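# generate coordinates for the sequence data below:
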Amino acid sequence: MGTQRYEVAILGSGIGGSMLACILARHGVSTLLLEGATHPRFTIGESLIPETGLRLRIVADKYGVPEIGWIGTFHKLRKHVSSNCGVKRSFGFMYHRAGEENRPEEINQFGTLTPPVGPDSHLFRQDTDAYLAALSVKYGAAFHSQTRISDITFGDDEVELRADSGETYRAKLLIDASGMRSMVSDQLGMRDEVPRFRTDTRTIYTHMMGVKSTDLLLDPKSRRNLISPLGQSTMHHVFDGGWMWVIPFSNHRDATNPLTSVGLMLDRRKHPEPHGSPEEEFRRIISAYP
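A predicted model of the protein is given here:
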């Protein structure tokens, strides 16, 4: 098999790698986008913040790729990219005590951007990532999915990538957008053997169906004090020893996605080791908070 040459090779076709491939290809840079898996695929990191939405629109305008800006605002995202994404009008925080119902005075809410700039979005990443990867091809990038790189050799002025399939790629510049399982980080010894951060957590996360709105935890009087429905928030349910995120995709009238992203973040000082299956542990912990 022959060697394929590019100016830039990008490892990983998630939202970052695909977006960069769109920009480079749009401006005539010979770009290779490599993905070990295939789209669509499960990915977390689904809740936008106002600064991100604004920066996506700035990047779109600066580099002439308007489709990137569509990711940054809910209405354009729903219209042009995917109706499987959710709307986000606020950050919601609710504190819980074991064995007690929640107290309305222990709810905090912080608004996000409002129209015409907002609202923000809950990204259904398997749709948005697949969209951007396909868009990079439209702008001229070469996209190879199900291509696992087995070896990387760094030369003086280029890098050589060898795939499990036997294909060889060469590029002047390598950009690693592959995330936490970065092969480049492993090969170059860039990981800390002892983490420098003091946090010590573990997480259980999945997508669920049939998750009801957080607003149903409140009586009608308490709901009147909210700046927006909690069901249209990125909800953080906080308790001693951890917290849970709830990110719904089915929270607007044009929704086509019944899923909700749910994750349980646990402090190892309070929950040091898993007990049972992930589902059993999840249900055991949340059952303490009615």
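# is it correct that residue 80 is in contact with residue 69?
No. With contact defined as Cβ atoms under 8 Å, residue 80 does not count as touching residue 69 (9.8 Å). All C-beta atoms are positioned from the backbone trio N, CA, C, and that covers glycine.
# who has more neighbours, those two?
Neighbours were counted for residue 80 and for residue 69 using other Cβ atoms under 10 Å; residue 69 has more, 19 against 13.
# mind telling me what element the more buried one is part of?
In this structure, residue 69 is located in helix 66-70 according to DSSP states H and E.
# now that helix: buried residues?
67-70 (16 or more other Cβ atoms under 10 Å).
# again with stretch 6-20
Of the residues in stretch 6-20, 6, 8-20 count as buried by neighbour count, 16+ other Cβ under 10 Å.
# same question, stretch 90-99
90-96.
# cool, and stretch 236-244?
Neighbour-count burial for stretch 236-244 [16+ other Cβ under 10 Å]: 236-237, 239, 242-244.
# identify, from the buried residues of stretch 6-20, the entry nearest to residue 118.
Top of the list for closeness to residue 118, among these and by Cβ to Cβ, is residue 15 at 19.1 Å.
# residue 70 and residue 76 touch, don't they?
Yes. With contact defined as Cβ under 8 Å, residue 70 reaches residue 76; the gap is 4.2 Å.
# hang on, the earlier thing: residues in contact with the helix or strand that the helix holding residue 69 is followed by: which ones?
As assigned by DSSP H and E, the chain's next helix or strand after helix 66-70 is helix 74-76. The contact list for helix 74-76 (Cβ atoms under 8 Å, 6 or more residues apart in numbering) reads 69-70, 85, 87-88, 115, 118-121.
# can you check stretch 255-265 too?
Residues external to stretch 255-265 that are found in contact with it (Cβ under 8 Å, 6+ apart): 44, 46, 83-86, 122, 124, 201-211, 242-250, 282, 285-286.
# for PyMOL, write a command that selects the buried ones of those residues.
In PyMOL, the members of the contacts of stretch 255-265 classed as buried (16+ other Cβ under 10 Å) are selected with the following command:
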select buried, resi 46+83+84+85+86+122+124+204+207+211+242+243+244+245+246+247+248+249+250+282+285+286
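# among the contacts of stretch 255-265, name the ones in strands.
Counting by DSSP state E, the part of those found in strands is 86, 122, 201-209, 242-248.
# coming back round to it: could the buried residues of stretch 6-20 be laid out in a markdown table, adding distance to residue 31 and secondary structure?
Converted to a markdown table, the buried residues of stretch 6-20 look like this (distance: Cβ to Cβ, whole Å; DSSP: H, G, I helix; E, B strand; the rest coil):
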| residue | distance to residue 31 | secondary structure |
| --- | --- | --- |
| 6 | 6 | strand |
| 8 | 5 | strand |
| 9 | 8 | strand |
| 10 | 7 | strand |
| 11 | 12 | strand |
| 12 | 13 | coil |
| 13 | 12 | coil |
| 14 | 15 | coil |
| 15 | 16 | helix |
| 16 | 14 | helix |
| 17 | 10 | helix |
| 18 | 11 | helix |
| 19 | 12 | helix |
| 20 | 8 | helix |
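# may I ask which two of the residues you listed are separated the most?
Largest separation among the buried residues of stretch 6-20 by Cβ to Cβ: 6 and 15, giving 21.0 Å.
# where exactly do the strands run in the stretch 151-290 of the chain?
Assigned by DSSP state E, counting those that start in this stretch, the stretch 151-290 of the chain shows strands spanning 159-163, 168-176, 201-209, 233-239, 242-248, 259-267.
# okay, the first one in CSV with CA atoms only?
Coordinates of the C-alpha atoms in strand 159-163 are reproduced here as CSV (Å, rounded to 0.1, in the frame of the first residue of the first chain):
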residue,chain,number,x,y,z
VAL,A,159,5.1,12.5,11.3
GLU,A,160,4.3,9.0,10.0
LEU,A,161,1.2,7.2,11.1
ARG,A,162,0.7,3.5,10.6
ALA,A,163,-2.8,2.0,10.8
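# what angle sits between that strand and strand 168-176?
For strand 159-163 against strand 168-176, the angle between stretch directions is 110 degrees (axes from the mean of the first three to the mean of the last three Cα atoms, to 10 degrees).
# by contact count, what packs against strand 159-163?
In terms of contact count using 3 or more Cβ pairs under 8 Å, 6 or more residues apart in numbering; DSSP states H and E, strand 159-163 is assigned the packing partners strand 3-11, strand 149-154, strand 168-176.
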